[in-house]
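Undergrad: model this:
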Amino acid sequence: SAWLACLVMALGLSLVAARHELWKRAALRRALYVGVLSMVIVSLFSAAYAPFLLARAGVGGEAVEQISIAQRGIFIAFAYQIIQKYPIAGTGIGTFAWEARDRLAHSPYRGLLRAENVHSVPLLVLSELGVVGFSLWCAALAAWLRAAWQHRTDPFKVALAAGVGAFFLIGFVDFYPFGIFSVHCLWFLLMGASTQT
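TA: The predicted structure is shown next:
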């Protein structure tokens, strides 16, 4: 998820930079140098860790990823159950794992899985904060997007906004932009820095 978000946000930054003619010849040369160096590093990493990457991609007989995908499906189902039970105010921030533990204890997966957060920030917010908190979260993101758009010609602010966007994209397949306090703080710090006047 992090590599995908990095790629998407790098492409987005390139488009914004090209549209606003932020690339000067020296900056373009540096960007190409960084791009080539990044491809060399990714190629070396891929060659050294090929068996592990293939397992992550589901190629071969490795069952680790099937287990991970099945586990994510179970916690997504738990999230929908929690949202149905507590639709307005949710269960409270930071309580999803406790709720999941209670559901695991009364399920066929008892003793097989460890309770953790659902790997989707929107579902995590909706289950922990309910419709009220989810609406406020969406309003905060919309307010940030509006404020960030006003700084779209500042390359430094655009780069910070790309970091916010990367965390947002990661949040669709992982929980840590919201579920881990230090990462959540970093996300908010990037939001503030990208809109500071």
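Undergrad: Where is the longest helix in the chain?
TA: helix 121-149 (DSSP state H).
Undergrad: Show me what it is packed up against.
TA: If you count contacts as 3 or more CB pairs under 8 Å, 6 or more residues apart in numbering; DSSP states H and E, helix 121-149 packs onto helix 64-85, helix 96-105, helix 155-170, helix 176-179, helix 181-195. Yep, even glycine has a C-beta here, placed from its N, CA and C like the rest.
Undergrad: Which positions in the first one come out as buried?
TA: Within helix 64-85, the residues scored as buried using 16 or more other CB atoms under 10 Å are 71-72, 74-75, 78-79, 82-83.
Undergrad: Compute the inter-axis angle for that helix and helix 121-149.
TA: Counting by axes from the mean of the first three to the mean of the last three CA atoms, to 10 degrees, helix 64-85 lies at 80 degrees to helix 121-149.
Undergrad: returning to what we had before: run the chain-centre distance for the longest helix of the chain.
TA: In this view, helix 121-149 has its centroid 14 Å away from the chain centroid, taken as CA atoms, centre = their mean, to the nearest Å.
Undergrad: average pLDDT for that helix?
TA: Mean pLDDT, helix 121-149: 95.
Undergrad: Taking their axis directions, it and helix 181-195 sit at what angle?
TA: Going by the same axes, to 10 degrees, helix 121-149 makes 20 degrees with helix 181-195.
Undergrad: Give me the helix or strand of this protein that scores worst on average pLDDT.
TA: When the helices and strands of the chain are compared on mean pLDDT, DSSP states H and E, helix 2-19 comes out lowest with a mean of 69.
Undergrad: just checking, what packs against whichever helix or strand comes after that one?
TA: The first helix or strand that comes after helix 2-19 along the chain, using DSSP states H and E, is helix 25-48. Helices and strands in packing contact with helix 25-48 are not found; criterion 3+ CB pairs under 8 Å, 6+ apart.
Undergrad: ok, then the element right after helix 25-48?
TA: As assigned by DSSP H and E, the chain's next helix or strand after helix 25-48 is helix 50-56.
Undergrad: Any chance you could give me that following helix in CSV, C-alpha atoms only?
TA: Taking C-alpha atoms only, helix 50-56 is exported to CSV below (Å, rounded to 0.1, in the frame of the first residue of the first chain):
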residue,chain,number,x,y,z
ALA,A,50,12.2,-12.0,-5.1
PRO,A,51,10.8,-15.0,-3.2
PHE,A,52,9.2,-12.8,-0.6
LEU,A,53,7.7,-10.4,-3.2
LEU,A,54,6.3,-13.3,-5.1
ALA,A,55,4.7,-14.6,-1.9
ARG,A,56,3.2,-11.2,-1.3
